[in-house]
Every structure is written in C-alpha cells, then in structure tokens.
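Novice: Test case, fold it:
(3 chains)
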Amino acid sequence: MFSTPTLSFFQEIIELIGIFSFAASGLIAGLRKKLDLVGVSIVAGLTAFGGGTLRDILLDRRPFFWVEHSYWLWVIIALTIVSIWFIKNKHIAYTEKMIQLPDAMGLALATILGTQIALQFDTPLVVAILLGVISATFGGALRDIVCGEIPQLFYDNRPYAVIAFAGSGLYILLSTYLLDESMAAVVSFMFIFIIRAIALYKNWHLPTFRA
Amino acid sequence: MFSTPTLSFFQEIIELIGIFSFAASGLIAGLRKKLDLVGVSIVAGLTAFGGGTLRDILLDRRPFFWVEHSYWLWVIIALTIVSIWFIKNKHIAYTEKMIQLPDAMGLALATILGTQIALQFDTPLVVAILLGVISATFGGALRDIVCGEIPQLFYDNRPYAVIAFAGSGLYILLSTYLLDESMAAVVSFMFIFIIRAIALYKNWHLPTFRA
Amino acid sequence: MFSTPTLSFFQEIIELIGIFSFAASGLIAGLRKKLDLVGVSIVAGLTAFGGGTLRDILLDRRPFFWVEHSYWLWVIIALTIVSIWFIKNKHIAYTEKMIQLPDAMGLALATILGTQIALQFDTPLVVAILLGVISATFGGALRDIVCGEIPQLFYDNRPYAVIAFAGSGLYILLSTYLLDESMAAVVSFMFIFIIRAIALYKNWHLPTFRA
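Specialist: The predicted structure follows:
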C-alpha cells in the first residue's frame, strides 16, 4: 500500500493490529454464544478474513489473503484454543473495551486497501468505495449472521460503515486530484481512524427509522 | 433480452419497475426491523441485486449488474435516506400492497433474463431453470436471512419460486421448439406475470409438511 | 479419486450414500421447520451440495458437481415431493438415527475429495485441509443458517469437523511420505469414518467455553 520501506513497516504493524482485533471480536462473539472449539475458530476466522474474501470473490481476485498468508489460519486456531481454556467472563467485557481503538485501525486500513484493490480492477468509483466498505465491515456482518443475530452494523446507528464510506471517498478524491497514492492513503487512513475514535468517544448516532 | 428496439424499450421500463419493487421490499423489511441508514441501504441493495449477483458468482460471470450500472447504488442510497425520513408506519402496509404486481413483473423479468444468461453459458437445462429462479428469488431470501428470519420463500407455501420454475421451463421449451427467442421471452414473461397475479388474487397454496 | 476400476465403483457407491444422507439431513431440517415444497427442496440441495460449491467458489473452480451431474437436481426435487407427502413425524427421528453412519461416510469422502481437489490447485497444505473440511461440513452449516439456527457444527461440541481436519491432515501426510494417492485416500477415508463412528458410539465431547 505504501511505497517507502518505513511506511511499509508501519502498514504491517497496523495489519497485525487490525487482524488481531477483528479476530478477537469474533472470538468474543463465539464465546458469548457458548460455541465449541470449532465454532469459535470459524467465527474468529470469518470475522478477520470474511470481508476481504467477499471483496475478492466479487472482484474474481485470487489468491485470498488467508491463502497467500496461510500461517494466519494456524494463528487463529491457536488463539481459539488459548481463549477457550484461559478466558473468563470478566475478561470478555475488558477485551471488548480494549479492542475498540485497534478495531478502528483495522477499519481504516481495510477500507483503504480494499478501495485500492478495487481501483486496480477498474471498477466505477462508487463500486470501489462500496468494496472498500465491504472489506472492512462484512467480516463483522458475517460473524453476527452465523451467530444467529442481525448484523450490529445494520442497526446500532453508530457511524462505522458511514465513516469508512466517507474515508474511501476521501481517498479517491485526494489520490485523483491532490496527492500521490501513498500520501492520500495516509491522510484518509488517519481520517477514518480519528473520526471513528471521536464517534466512539462522543457517542455519535445516525438516523434510524421510528414510527 | 429482446431484439427489436421497441421491445427493448419495454424491457427497460420493466427492469426499472422490477428493481424498484425489489428494493422497496428490502426497504420495508429493514424499516420493520428498525435498522439504521446503513442497514436499510444494504438490505435494499441486497434484495434488488442479490439474486443476480449470486447467479453471476455461480456462473463466474462479470461484471455484475450493479458494477456495470453503478449509478443504481446511488439510487438505493437516496431511496433509503428518503424512506428513513419520510416513511411512516402506515405507509408500510400500503407500500407492501402496492408493490405486489410490480414485484410479479420483477419476478418474471429476472427469471427469463437469468435463464437466458445461464443458457449462454451452456449449462444443462435444469441448471438454467434453477439459475433463472435464483436470479429472481434469492435477493428476497438474502433479505430475510440478514434480517434474522427464515426466507419467506421457504415456508409461506404460496407459489412464487414454483411459478418462476414453470415459466423458465416454458421459455426453454418454446425457444427450443416453437418460437424465436424474443417471442418465447414475451410469452413466458406474460405466463409468469399472469399466473403470479392469479395466485395472489386467488390465494393459492402449495403443499406443506404437516404431522 | 481412486485409480482402479473396482475402487472407483466403491467410490460411486459411497458418493451416492453420502449425497443421500446429506440431502436427508436437509429434508429433516426443512420438515421440522414446516417449510413448504420449495423450502424443503432448497434446504436439501444446499445441504447436499453447499459445501462442495463453496469450496469451488473459493478455488474459482467450475463446473460445480450439480452442474456436471445435473440430474441430481431432479433427484432432490423428487425426494422432496415424496417426503412432503409420505413422511410422518415418527419417521423423522428414525431417519435421523439411520443416517448417522451413512453421514459419516459422506463426511469422510467429501473431506478426502475436497482435500485432493484443493491440492490440485496448489494451495498451501493448511488451506487444503481447511477446504477439505469446508467441503464436508459447510453444507450442514448453510442448512442451519437458512433455517434460522446457529450451525450445529459450531456448538454441539462433538467431534465432527475436528475428525475431518485430522483425517485430511493424515491424507496429506500419507500421500506425501508413505503411500500412493489411492492408498492414502483409502486409509484416511477409513480413519475418518471409523473415528467418527467411535465418537458417535462413545459420545465423545470437545472443550467448550464455560464461565
């Protein structure tokens, strides 16, 4: 995503943080539903990699991230075994609080990367934005669907997909008219991360249908 | 779908009617579940384009309709914003009643188009029929699944998919033995639309498992 | 899967047994939920062919099994019509008991075949194992999701996917270091089938999250 080695190093760190926080939210959902080893692993993996995989299926793009970096599948299995044995109920609420900011990093990175990948496939701009948002949010949507819930994304009326949508649009705007791709990526990454952090802190709400 | 310009004009009108009625049924489902802006948009878009997208994934066909005609994504977002602000509960039942016949047009068009597209990929005939039915009905099935419900299609024992199945079979029969493709499409379109209208009016039922 | 005609004959028998038992578990789930003709057919077909289809979508492999052997779609429809008319509640529990061992055969065959197919696509080994497990188990997971349930696979803490995982790993180990492909397939097929049978008989359990 970034051209200089230093930034590329940062990207890998953020990627790690993002994958771990997405997987952790899947682990938590699975543990809450009293799933077994198999269920928790699948939900964790689906949350971490489901959004990017859906984007790639829609773009007809291979290999998937988890095929190219298949050691991650072992990491997810190991994480699940550890969490099944060592995590207690009190850890869950704590972990959920702890992953809010890392999750915002994952949201920002997955959105920008997803948008860049879609643009490489010459999709129309609104489709590139949509695929950026899908990359970042549909892992969580699949997590909720397989756990028998309506995706939180659909009803919690706090801005999450909307911020990704705006950040992806900002990236396209900046990279087309103002900045090179790397700088546009950094700025729109920061935009998504910071606005999401503010939205969490200020508890912003979106309009919902009433009556 | 049709070869002459006049019929092609009708097809575009019917396409518009079909997409709007499918999207409206997604909007209604989303509003009923008290989803927010994001949720209602996604459910509306999924209902309108999910069936055709699933057909195209199964056929490995690109670009999807909503990539080729990406302005539709803006239309769906605009529709959602309007519906979140202006629609009241009393409008919902009314809209549901109003879209029954337009929905039957969407069912008929999507079935015939889906069957024609599958035949271009040289699928076996029963697969072409199935993909016609999937094109027309799986948007609605996905709408219900993401809303946490069993698809209405699966249990309401009123003929919907079954009429699409018969109409798709009729198209294949007519276009193989009797008529050119355009005329076969018109006749089987009318067949699906009229039988569905009668089924609604007469309240026909399919066998369900009892005891 | 097997090279000699005799074994190939056995494979076809096992395939038949596997498909029928997977479809039967879909039929049962559909009947329990009081679905209609359309719903029961879809759930039966999804259970029988959903796992392999998902594997093929992930591998970008065509044609699907049910496109190449499309007469199976008629078999599923016929099975559904028969079951809607003739099956009574008392038959359901009996059928469920009866299909446990045939289902174990289906599990074993689908796992080994799925792993072999993935290896032909040069996936990393852990991905080949995962795709073997997906082939064998995700039909059942989709069955439960469309019926509005959390997949049984995720929480029933009896070893099913785990045995498929081990058997797939065993196949890779044997075929790489010890045996030719056919013998490795036979041995790991027997491994999955027998361990699954013992697990059913002894009522083995996996760790679940508690407290």
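Novice: State which one residue of chain A is found closest to chain C.
Specialist: A:Gly39 (2.8 Å; C-beta to the nearest C-beta). For the C-beta atoms, the positions are set from N, CA and C on the backbone; glycine is no exception.
Novice: That residue: neighbouring residues, count only.
Specialist: By the criterion of other C-beta atoms under 10 Å in any protein chain shown, A:Gly39 has 30 neighbours.
Novice: which one is it nearest to, not counting chain neighbours?
Specialist: Spatial nearest neighbour of A:Gly39, chain neighbours left out: C:Phe154 (2.8 Å); criterion: C-beta to C-beta, 6 or more residues apart in numbering or on different chains.
Novice: what do you get for A:Phe65?
Specialist: In space, and not counting its chain neighbours, A:Phe65 is closest to A:Gly52: 5.3 Å by C-beta to C-beta, 6+ apart.
Novice: show me the contacts for the one you found.
Specialist: A:64-65, A:110, A:114, A:135, A:139 (C-beta atoms under 8 Å, 6 or more residues apart in numbering or on different chains).
Novice: between the residues you listed, which is nearest C:Ile192?
Specialist: A:Phe64 (25.9 Å; C-beta to C-beta).
Novice: what residues are up against that closest one?
Specialist: By C-beta under 8 Å, 6+ apart, the contact set of A:Phe64 is A:49, A:52-53, A:56, C:58.
Novice: what about 6 Å?
Specialist: Contacts for A:Phe64 were tallied using C-beta atoms under 6 Å, 6 or more residues apart in numbering or on different chains; they are A:53, A:56.
Novice: On the pLDDT front, check it for me.
Specialist: At A:Phe64, the model reports a pLDDT of 95.
Novice: roughly how far apart are A:His64 and C:Leu131?
Specialist: Residue A:64: Phe, not His. Plainly put, A:Phe64 is 11 Å away from C:Leu131 if you go by C-beta to C-beta, to the nearest Å.
Novice: what do you get for A:Ser175?
Specialist: 36 Å.
Novice: The two: which is more packed in?
Specialist: C:Leu131 (28 against 21).
Novice: list the contacts for that one?
Specialist: The neighbourhood of C:Leu131, defined by C-beta under 6 Å, 6+ apart, consists of C:55, C:114, C:118.
Novice: Can I take it that it is in a helix?
Specialist: Yes: assessed by DSSP: H, G, I helix; E, B strand; the rest coil, C:Leu131 belongs to a helix.
Novice: Now the spatially closest residue to it that is not a sequence neighbour: which helix or strand?
Specialist: In space, and not counting its chain neighbours, C:Leu131 is closest to C:Ala118: 4.0 Å by C-beta to C-beta, 6+ apart. Assigned by DSSP states H and E, C:Ala118 belongs to helix C:100-120.
Novice: What are the buried residues along that helix?
Specialist: C:102-119 (16 or more other C-beta atoms under 10 Å in any protein chain shown).
Novice: can you map out the helices along chain A?
Specialist: A:5-32, A:37-59, A:65-68, A:71-86, A:89-98, A:100-120, A:125-146, A:152-155, A:161-177, A:181-202 (DSSP state H).
Novice: got those helices as JSON lines, with distance to B:Glu15 columns?
Specialist: Shown next, in JSON lines, are these (distance: least, C-beta to C-beta, whole Å):
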{"stretch": "helix A:5-32", "distance to B:Glu15": "38"}
{"stretch": "helix A:37-59", "distance to B:Glu15": "22"}
{"stretch": "helix A:65-68", "distance to B:Glu15": "36"}
{"stretch": "helix A:71-86", "distance to B:Glu15": "42"}
{"stretch": "helix A:89-98", "distance to B:Glu15": "45"}
{"stretch": "helix A:100-120", "distance to B:Glu15": "25"}
{"stretch": "helix A:125-146", "distance to B:Glu15": "19"}
{"stretch": "helix A:152-155", "distance to B:Glu15": "27"}
{"stretch": "helix A:161-177", "distance to B:Glu15": "27"}
{"stretch": "helix A:181-202", "distance to B:Glu15": "35"}
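Novice: C:Trp72: which of the ones you listed is closest?
Specialist: When the helices of chain A are ranked by proximity to C:Trp72 (C-beta to C-beta), helix A:37-59 comes first, at 24.2 Å.
Novice: same question for that closest one, mean pLDDT?
Specialist: 95.
Novice: Report the closest residue of chain A relative to chain B.
Specialist: Counting by C-beta to the nearest C-beta, chain A gets nearest to chain B through A:Phe154 (2.8 Å).
Novice: how close does that residue sit to A:Ile145?
Specialist: 10 Å.
Novice: between the two, which one's more packed in?
Specialist: Taking other C-beta under 10 Å, A:Phe154 and A:Ile145 do not tie; A:Phe154 has more neighbours (26 against 18).
Novice: wait, isn't that one in contact with B:Leu35?
Specialist: Yes: using C-beta atoms under 6 Å, A:Phe154 is in contact with B:Leu35, at 4.8 Å.
Novice: For A:Tyr171, report the pLDDT, please.
Specialist: For A:Tyr171, the model assigns a pLDDT of 96.
Novice: what's near enough to touch it?
Specialist: Going by C-beta under 6 Å, 6+ apart, A:Tyr171 touches A:112, A:115, A:184, A:188.
Novice: quick one: contacts for A:Leu170?
Specialist: If you count contacts by C-beta under 6 Å, 6+ apart, A:Leu170 has them with A:188, A:191.
Novice: whoops, I mixed them up, A:Phe165
Specialist: Counting by C-beta under 6 Å, 6+ apart, A:Phe165 touches A:Val133.
Novice: Check the gap between it and B:Leu153 for me.
Specialist: From A:Phe165 over to B:Leu153 (counting by C-beta to C-beta), the distance is 30 Å.
Novice: Which pLDDT value does the model give the residue nearest the centre of chain A?
Specialist: In chain A, the C-alpha nearest the mean C-alpha coordinate belongs to A:Ala136, at 3.6 Å (C-alpha atoms, centre = their mean). On the pLDDT scale, A:Ala136 is placed at 95.
Novice: Let's see the pLDDT reported for the closest residue to it other than its chain neighbours.
Specialist: Sequence neighbours aside, A:Ala110 is the residue nearest to A:Ala136 in space, at 3.8 Å (criterion: C-beta to C-beta, 6+ apart). Here, the pLDDT recorded for A:Ala110 equals 94.
Novice: what do you get for A:Gly18?
Specialist: 87.
Novice: for A:Ile92, same thing?
Specialist: Among the per-residue scores, A:Ile92 shows a pLDDT of 82.
Novice: could you check the distance from it over to A:Pro102?
Specialist: For A:Ile92 relative to A:Pro102 (C-beta to C-beta), the value is 16 Å.
Novice: what about stretch A:60-69, how long is it end to end?
Specialist: 18 Å (C-alpha to C-alpha, to the nearest Å).
Novice: And it, how far out from the chain middle?
Specialist: Chain-centre distance of stretch A:60-69: 16 Å, with C-alpha atoms, centre = their mean, to the nearest Å.
Novice: Now find how far off-centre the worst-scoring helix or strand of chain A on mean pLDDT is within its chain.
Specialist: Least confident element among the helices and strands of chain A, by mean pLDDT, DSSP states H and E: helix A:89-98 (a mean of 81). Averaged C-alpha coordinates place helix A:89-98 at 19 Å from its chain's average position (C-alpha atoms, centre = their mean).
Novice: Can you check what angle separates it from helix A:5-32?
Specialist: With axes from the mean of the first three to the mean of the last three C-alpha atoms, to 10 degrees applied, the angle from helix A:89-98 to helix A:5-32 works out at 140 degrees.
Novice: Give the buried residues for helix A:89-98.
Specialist: A:92, A:95.
Novice: Setting aside sequence neighbours, what's the nearest residue to A:Pro151?
Specialist: In space, and not counting its chain neighbours, A:Pro151 is closest to A:Ala141: 3.9 Å by C-beta to C-beta, 6+ apart.
Novice: okay but that neighbour is in contact with A:Gln152, surely?
Specialist: No: taking contacts as C-beta under 6 Å, A:Ala141 lies outside contact range of A:Gln152: 8.2 Å.
Novice: Alright, I will stop here.
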